[in-house]
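[1] what would the 3D arrangement of this be:
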Amino acid sequence: MKFNSAAALLTVGSLATTYGFTPSSSVSSFTSQRQSLARPSARLPTHSQHTTRSATTLSMSSLSVGIVGATGAVGKEIVGCLEKRDFPVNSLRIFGSERSAGKEVETKFGKVTVELFSEDSARECDVVFLAVDGDFSLAHAENICAGDDGAVVIDNSSAFRYKEGIPLVVPEINAEATKGKKLIANPNCTTAIGLMAVWPLHKLFGLSKMVMSTYQAASGAGQPGMDELKEGTRSVLSGEREVAENKIFAHPLPFNVIPHIDKFQENGYTKEEMKVTWETRKICGLPDDFPVSCTAVRIPTARAHSESIVALFEKPVDVAAARKALEEAPGVKLVDDVDNLKYPMPLTATGQYDVEVGRLRENIAFDNALEFFVCGDQLLRGAALNAVIVAEAMVENGALKAKTVA
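    Here you go, the predicted model:
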């Protein structure tokens, strides 16, 4: 298999640029009213919004913040979000395994020495971000937050997303679900990115069905996934191999697309695809049979997921009104100027806090339907940034406070 050398060099160049970036800040916003639905065709609950103050004004007292997994791809971004959003950090503690304990990490809050993780040490914090796998979270999260003296835990794994009584939160949609809670689940990156665009449109027209196709970057598999793409691309371009090796992905990813993410289920969908269905229903308060379908595809980009969404509504749609709603939505950037070739792309969404939305049009196959394209940095909006904005929302609504020292 041979490739055009000029195109190949451009591919390597674009991969390299994704590893050095500075996320742009955006004003966060939370919502305050949640209702349940009675039937699949019912409109999603309407949530009022208010503008959030900067994080430094959220609380008079600074917080003791812990991160487990801070040296991984998501953990590093959590540190970055805390720094760039001026989250009220009094002390930052980073917990790791025996392999990483003792290492030093440079942060805006000073040089932090990685501590060997223990539940007792984590419980000393006011809030703990878990950027680890589901097995670790299942073993430790509930113990860290147990009791009045436990820490608030915001978990980035899938361990508690579908557990009754544990909120699954996109703050712009259902921040109020965190009130009185100590353990919060962060949604799957694909769901979080897509709902940022879908939610403002629901408030206008009332969502009735949704079909999504995703184009997901290698970073969805963490740093090992990005490394495999980068090394595999290099090995093919250098002539070392005709086809790249694969250990992380089901097939070689360079110069390929793979319509397979996570395990296949009995209904023919993959678990990644069903996550979009399950999580959309839970976050938005939809019935268990609300129709949401997804096809998830891994593509050879390093970072930022893309999604093509067809959303069907109860009311007749108006593209101009939809565009205005997206322009005004917090955390959303409308990039929709086809005359000047401007639309959402991983290249422009990488490292950005806002989700890009564009190619907005009325769908010609279905009545009362809009079709649009979304790009978002899944390590940020789909993981780290969402978790930090959850914490900001909890400071504002009183669910997260500095512990009283006896």
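
[2] only C-alpha atoms from now on, for both contacts and neighbour counts.
    Fine.

[3] where along the stretch 201-350 of the chain do the strands fall?
    207-216, 292-298, 305-313, 332-334 (DSSP state E, counting those that start in this stretch).

[4] most packed of the ones you listed?
    With neighbours taken as mean count of other Cα atoms under 10 Å, those reach their highest mean count in strand 305-313, at a mean of 25.

[5] residue 362 pairs with what?
    Here residue 362 sits in beta bridges with residue 370, going by DSSP bridges.

[6] isn't it right up against residue 371?
    Yes - if you go by Cα atoms under 8 Å, residue 362 and residue 371 touch, sitting 6.1 Å apart.

[7] could you dump the strands of the stretch 201-350 of the chain into a markdown table with mean pLDDT and distance to residue 227 added?
    Below are the strands of the stretch 201-350 of the chain laid out as a markdown table (pLDDT from 0 to 100; distance: least, Cα to Cα, whole Å):
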| stretch | mean pLDDT | distance to residue 227 |
| --- | --- | --- |
| strand 207-216 | 98 | 15 |
| strand 292-298 | 98 | 15 |
| strand 305-313 | 98 | 17 |
| strand 332-334 | 98 | 29 |
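
[8] how about those strands, which one is nearest residue 397?
    Closest to residue 397 of the strands of the stretch 201-350 of the chain is strand 332-334 (Cα to Cα; 22.9 Å).

[9] name the residues that touch that closest one?
    The contact list for strand 332-334, computed with Cα atoms under 8 Å, 6 or more residues apart in numbering, reads 196-197, 323, 326-327, 354-358.

[10] repeat that with 10 Å
    Residues outside strand 332-334 that contact it (Cα atoms under 10 Å, 6 or more residues apart in numbering) are 26, 193, 196-197, 200, 323-328, 342-344, 349, 352-360, 374-376.

[11] now the helices for the chain?
    Assigned helices in the chain, in chain order: 5-17, 73-84, 119-123, 134-145, 171-174, 189-205, 222-237, 271-284, 319-328, 346-349, 385-397 (criterion: DSSP state H).

[12] distance to residue 152 and mean pLDDT for those helices - can I get that in CSV?
    Converted to CSV, these look like this (distance: least, Cα to Cα, whole Å; pLDDT from 0 to 100):
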stretch, distance to residue 152, mean pLDDT
helix 5-17, 36, 39
helix 73-84, 16, 94
helix 119-123, 9, 97
helix 134-145, 6, 97
helix 171-174, 16, 96
helix 189-205, 21, 97
helix 222-237, 25, 95
helix 271-284, 20, 97
helix 319-328, 31, 98
helix 346-349, 30, 97
helix 385-397, 9, 97
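
[13] just send those helices back as JSON lines, with mean neighbour count and distance to residue 297 too.
    Compiled in JSON lines, the helices of the chain are given as follows (neighbours: other Cα atoms under 10 Å; distance: least, Cα to Cα, whole Å):
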{"stretch": "helix 5-17", "mean neighbour count": "13", "distance to residue 297": "19"}
{"stretch": "helix 73-84", "mean neighbour count": "21", "distance to residue 297": "21"}
{"stretch": "helix 119-123", "mean neighbour count": "18", "distance to residue 297": "37"}
{"stretch": "helix 134-145", "mean neighbour count": "18", "distance to residue 297": "22"}
{"stretch": "helix 171-174", "mean neighbour count": "26", "distance to residue 297": "26"}
{"stretch": "helix 189-205", "mean neighbour count": "24", "distance to residue 297": "11"}
{"stretch": "helix 222-237", "mean neighbour count": "20", "distance to residue 297": "14"}
{"stretch": "helix 271-284", "mean neighbour count": "21", "distance to residue 297": "9"}
{"stretch": "helix 319-328", "mean neighbour count": "16", "distance to residue 297": "26"}
{"stretch": "helix 346-349", "mean neighbour count": "19", "distance to residue 297": "15"}
{"stretch": "helix 385-397", "mean neighbour count": "24", "distance to residue 297": "23"}
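
[14] right, and those - which one's nearest residue 404?
    Residue 404 lies closest, by Cα to Cα, to one member of those: helix 119-123, at 13.7 Å.

[15] quickly list what's touching both of residue 362 and residue 371.
    With Cα under 10 Å, 6+ apart as the test, residue 362 and residue 371 both reach 310-311.

[16] what residue ranges in the stretch 51-200 of the chain score low on pLDDT?
    Applying pLDDT under 70 to the stretch 51-200 of the chain flags residues 51-61.

[17] strands of that one, residue ranges please.
    Applying DSSP E, counting those that start in this stretch to the stretch 51-200 of the chain gives strands spanning 63-68, 89-96, 104-107, 110-113, 115-116, 127-130, 152-155, 183-185.

[18] and of the helices of the chain, who's closest to residue 310?
    Closest of the helices of the chain to residue 310 is helix 189-205, at 9.7 Å (criterion: Cα to Cα).

[19] report the angle between the axes of the closest one and strand 207-216?
    With axes from the mean of the first three to the mean of the last three Cα atoms, to 10 degrees defining the directions, helix 189-205 sits at 150 degrees from strand 207-216.

[20] related to what we said a few turns ago, dump the strands of the stretch 201-350 of the chain to TSV, plus distance to residue 149.
    TSV is the format used below for the strands of the stretch 201-350 of the chain (distance: least, Cα to Cα, whole Å):
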stretch	distance to residue 149
strand 207-216	40
strand 292-298	40
strand 305-313	38
strand 332-334	37
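
[21] which stretch among those comes nearest residue 243?
    strand 292-298 (16.8 Å).

[22] report the inter-axis angle for the closest one versus strand 207-216.
    10 degrees.

[23] and strand 292-298, what other elements does it pack with?
    Judged by 3 or more Cα pairs under 10 Å, 6 or more residues apart in numbering; DSSP states H and E, the packing partners of strand 292-298 are strand 207-216, helix 271-284, strand 305-313.

[24] what pairs with the last one, parallel or antiparallel?
    On the basis of DSSP bridges, the sheet neighbours of strand 305-313 come out as strand 207-216 (antiparallel), strand 369-376 (antiparallel).

[25] gap between the longest one and the chain center?
    In terms of Cα atoms, centre = their mean, to the nearest Å, the centre of strand 207-216 is set 16 Å apart from its chain centre.
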